[in-house]
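S.K.: need a structure here:
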Amino acid sequence: MRGSSDIETMDIIYSDTDSIILANTIDDSLIGSELGQMKDELDGKFMNECYVLGMKQYGYHYDSDDVVKECSIFAGVPRNSINFKKMLKNLHKRYIKKIIEQVCHIFIN
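M.R.: Modelled structure (predicted):
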């Protein structure tokens, strides 16, 4: 069983029942396919920008092989069906942007 110190070192931006977005890296022993480990959805890459609007409502983009890729998660609609720019535009500038020194890292259990 992992100790509470693992959680205490995580700079959590967002979490829900099956997702966590962190502003820092975590020990590699926490990532894997074993029960209790997390899956790295970005394969070691980091987010450039991330907006969290609520539970199961967030979007982000990241660099992958010199190409910017974007992802949006909104409950009730297919994954990536909401364009990142459109998501921000439709918010009427009612969003909170958290600026961090290190970029986010996403893990989905």
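
S.K.: all contacts plus neighbour counts: C-alpha atoms, from now on.
M.R.: Fine.

S.K.: got a list of what residue 65 touches?
M.R.: Under the criterion of Cα atoms under 8 Å, 6 or more residues apart in numbering, residue 65 has no neighbours.

S.K.: Kindly provide the distance from it to residue 57.
M.R.: According to Cα to Cα, to the nearest Å, residue 65 stands 26 Å off from residue 57.

S.K.: Who does residue 38 form a beta bridge with?
M.R.: residue 31 (DSSP bridges).

S.K.: how many other residues sit next to it?
M.R.: If you count neighbours by other Cα atoms under 10 Å, residue 38 ends up with 20.

S.K.: Point out where the protein drops to low pLDDT.
M.R.: Residues of the chain meeting the criterion pLDDT under 70: 1-7, 90-109.

S.K.: What segments of it are helices?
M.R.: Counting by DSSP state H, one finds helices in the chain at the ranges 4-8, 84-89.

S.K.: how deep is residue 59 tucked in, by neighbour count?
M.R.: The number of residues packed near residue 59 is 22, by other Cα under 10 Å.

S.K.: How about the contacts made by it?
M.R.: Residues near residue 59 by Cα under 8 Å, 6+ apart: 50, 51, 52, 70, 71, 72, 73, 84.

S.K.: Number of residues surrounding residue 82?
M.R.: Other residues within reach of residue 82, judged by other Cα under 10 Å, total 16.

S.K.: Please tell me I have it right and it contacts residue 72.
M.R.: Yes: using Cα atoms under 8 Å, residue 82 is in contact with residue 72, at 6.2 Å.

S.K.: Which ones among the contacts of residue 59 lie within strands?
M.R.: 50, 51, 52, 70, 71, 72, 73 (DSSP state E).

S.K.: among those residues, which two are most distant?
M.R.: Within those, 52 and 70 form the most distant pair, 13.8 Å apart (Cα to Cα).

S.K.: Now do the same contact list for the closest residue to residue 57 other than its chain neighbours.
M.R.: Distance criterion Cα to Cα, 6 or more residues apart in numbering; nearest residue to residue 57, sequence neighbours excluded, is residue 74 at 4.4 Å. Shown in contact with residue 74 (Cα under 8 Å, 6+ apart): 56, 57, 58.
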